[in-house]
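Chemist: Can you look at this prediction? I've put the sequence above it.
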Amino acid sequence: MSIQWFPGHMHLTRKAIGERIKDIDVVIELLDARLPASSANPLLAELTGHKPTLKVLNKQDLADPARTPAWLAWYNARPQTSAIALDASDTAPARRLIDACRQLAPNRRGLSRPMRVLICGIPNVGKSTLINTLSAKRQAKTGDEAGITKQEQRIVLDDDFYLWDTPGMLWPRIIVPESGQRLAASGAVGRNAYDEEEVALDLLAYLKQHYAPLLDARYKLALDAADIAARHDDELLELIARKRGAVMSGGRLNLQKAAEIVLTDFRSAALGPITLETVAEFEAWLAAGQLQDKARAERKAEQRKRNERRARNAPRGQ
């Protein structure tokens, strides 16, 4: 299943970022620490690629602490890029953003040369919560649904530090299928863009291989890690449905409800700290996705040529 979600307001966001970026000194891209690369917007990189960038792995308390350092190193190795991890609800780490931005643009200080920062990210990544923490007041709406913020907001953090918040934005076409599944599992994609049961099955397929003990602990499966890993994804979802009482009349399992339980437990970290990709995994997925995208472009180009040849060779008057 290919997951795509780019509603109309995101076109406006893309245009707004393109116009605003001319006057920006540093770009903050807020990422989900549970999917550190899948939550990075390639369209944003195109729009802001020439600006110093701070990658913030948000929700680090929900992510696997054994995997986060590798992702920080991966981003910190990039030119004009710094990376930090934080929990947006923690006031002290949130203030680290200001210092990190000043390091990326050390000449922007004082009222005559104020720091101008643009903060971006995918929907539901915790951006509004972070802004409220930074400014010590509720300046931005928050919620657990994708697409809460719909307009650009300007926020003054210090006398010489201005922050522009933009609505959450995905990108028009997700070429890495695994990223689409992870974005849906995290709640970054609108509910009408995916099938919850399919996303839950994909999530279980990964969790059973990498976090089987967490599944057993949460759902009391009474199975060892090897047995959980060997079970088919559908069978695991059925087991969870039985354990959680997702049963309809006649004893039929309510797999939709079971899927909702699994997704809710992941999003709330009730399953425990989890990261759904390693650096090596994502690089392999991206390489495969780029090959498939190249082949797709070649097929479209060839089809366009065939159509043009037919048009040229068609008898006049037809």
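Modeler: Alright, I've got the coordinates.
Chemist: Helices of the stretch 151-300 of the chain, start to end?
Modeler: Along the stretch 151-300 of the chain, counting by DSSP state H, counting those that start in this stretch, helices occupy 177-186, 196-210, 212-219, 225-230, 233-243, 255-267, 279-313.
Chemist: wait, residue 215 sits on residue 221?
Modeler: Yes: using Cβ atoms under 8 Å, residue 215 is in contact with residue 221, at 6.5 Å. No exception for glycine: its C-beta is placed from N, CA and C like everyone else's.
Chemist: Please save the CA atoms from stretch 222-241 in CSV.
Modeler: Coordinates of the C-alpha atoms in stretch 222-241 are reproduced here as CSV (Å, rounded to 0.1, in the frame of the first residue of the first chain):
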residue,chain,number,x,y,z
ALA,A,222,3.0,-15.5,27.1
LEU,A,223,5.4,-16.2,24.2
ASP,A,224,9.1,-15.9,24.0
ALA,A,225,10.8,-13.6,21.5
ALA,A,226,11.6,-16.3,19.0
ASP,A,227,8.0,-17.5,19.0
ILE,A,228,6.7,-13.9,18.5
ALA,A,229,9.1,-13.3,15.6
ALA,A,230,7.9,-16.5,14.0
ARG,A,231,4.2,-15.7,14.1
HIS,A,232,2.5,-14.2,11.1
ASP,A,233,1.5,-10.6,11.4
ASP,A,234,-2.2,-11.4,11.1
GLU,A,235,-1.9,-14.0,13.8
LEU,A,236,-0.3,-11.5,16.1
LEU,A,237,-3.1,-9.0,15.5
GLU,A,238,-5.6,-11.7,16.2
LEU,A,239,-3.8,-12.7,19.5
ILE,A,240,-3.9,-9.0,20.6
ALA,A,241,-7.6,-8.8,19.7
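Chemist: just how off-centre is it within its chain?
Modeler: Remark: stretch 222-241 is offset 27 Å from the chain centroid, using Cα atoms, centre = their mean, to the nearest Å.
Chemist: domain ranges for the protein?
Modeler: Listed domain ranges for the chain are 8-165, 195-267 (source: automatic domain parsing).
Chemist: Need the mean per-residue confidence for the shortest one.
Modeler: For domain 195-267, mean pLDDT is 96.
Chemist: Can you pull the poorly scored residue ranges out of the chain?
Modeler: 1-2, 5-9, 11, 88-94, 135-152, 316-318 (pLDDT under 70).
Chemist: which one is the residue nearest the centre of it nearest to, not counting chain neighbours?
Modeler: Nearest to the geometric centre of the chain sits residue 39, at 2.6 Å (Cα atoms, centre = their mean). Spatial nearest neighbour of residue 39, excluding adjacent residues (Cβ to Cβ, 6 or more residues apart in numbering): residue 32 at 4.1 Å.
Chemist: Now for the one you found: which residues touch it?
Modeler: Residues in contact with residue 32 (Cβ atoms under 8 Å, 6 or more residues apart in numbering) are 38, 39, 57, 58, 59, 122, 125, 126, 186, 188.
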